Every structure is written in structure tokens, then in C-alpha cells.
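> Whatever this is, show me its structure:
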Amino acid sequence: MLAIRLPKDIEQRLEALAARTGRTKTFYAREAILEHLETLEDIYLAEQRLEDIRAGREHPFPLADVMKRHGLEN
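So this is what the prediction gives:
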């Protein structure tokens, strides 16, 4: 179960879309989450990783090492 508070204008747009299409607001909220969750994960996890690298908690791997490990070297 998930409860979401949205800005009033977004709530109104969602209600209008649902009314015009005969679908539920939940349907569209679910579709938006499914469509964009992977992108959000990529962004926020990458930002966290960068913060960890800058703080010295993580160490990056040189691209050449990664390519060699996966058999992609020239």
C-alpha cells in the first residue's frame, strides 16, 4: 500500500486524465512509477556512489581495467 501526497495542480491533472480516459488515478500513478523507477535508481545510486568516492569510502576502477576484465580490450 502506498499513499502519495501530490501538489494540487498535479492531482487535478491526474484526475482529469483519469476521467477522460476511464482509467483510475492509481493506474496512471503505477505506470509513472514503473516507467521512471529505473532512471531514478540510476541517478540516485550514482550520486551516492560519487559521494562515497569523494569521501574515500569507495574507490573507482580505471576503465581499462574494467574493459580488460570483461574481454573488451583493444
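> so where's the protein shaky on pLDDT?
74 (pLDDT under 70).
> Which helix runs longest in it?
Criterion DSSP state H: the longest helix present in the chain is helix 25-54.
> now for it, which elements pack on it?
helix 8-21 (3 or more CB pairs under 8 Å, 6 or more residues apart in numbering; DSSP states H and E). For every residue, glycine as well, the C-beta is placed using N, CA and C.
> What residues sit buried inside stretch 13-24?
Leu14, Ala18 (16 or more other CB atoms under 10 Å).
> Now do it: everything it contacts.
Leu6, Lys25, Phe27, Tyr28, Ala29 (CB atoms under 8 Å, 6 or more residues apart in numbering).
> ok, which pair from the residues you listed is furthest apart?
Leu6 and Phe27 (15.0 Å; CB to CB).
> count of neighbours near Phe27?
Residues lying near Phe27 (other CB atoms under 10 Å) number 13.
> what helices or strands is the next helix or strand after the longest helix of the chain leaning on?
Once the chain leaves helix 25-54, the next helix or strand it forms, by DSSP states H and E, is helix 63-69. With contacts taken as 3+ CB pairs under 8 Å, 6+ apart, helix 63-69 sits against no other helix or strand.
> contacting residues around helix 63-69?
Against helix 63-69 from outside (CB under 8 Å, 6+ apart): Glu73.
> quick one: it to chain centroid distance?
Put simply, helix 63-69 sits 27 Å off its chain's centre (CA atoms, centre = their mean, to the nearest Å).
> what about dumping the CA coordinates of that helix to CSV?
The C-alpha trace of helix 63-69 is given here as CSV (Å, rounded to 0.1, in the frame of the first residue of the first chain):
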residue,chain,number,x,y,z
LEU,A,63,38.0,1.9,-17.4
ALA,A,64,41.0,0.0,-18.9
ASP,A,65,40.8,-2.5,-16.0
VAL,A,66,37.1,-3.0,-16.4
MET,A,67,37.4,-3.5,-20.2
LYS,A,68,40.2,-6.0,-19.7
ARG,A,69,38.3,-7.9,-17.0
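> Much appreciated, bye for now.
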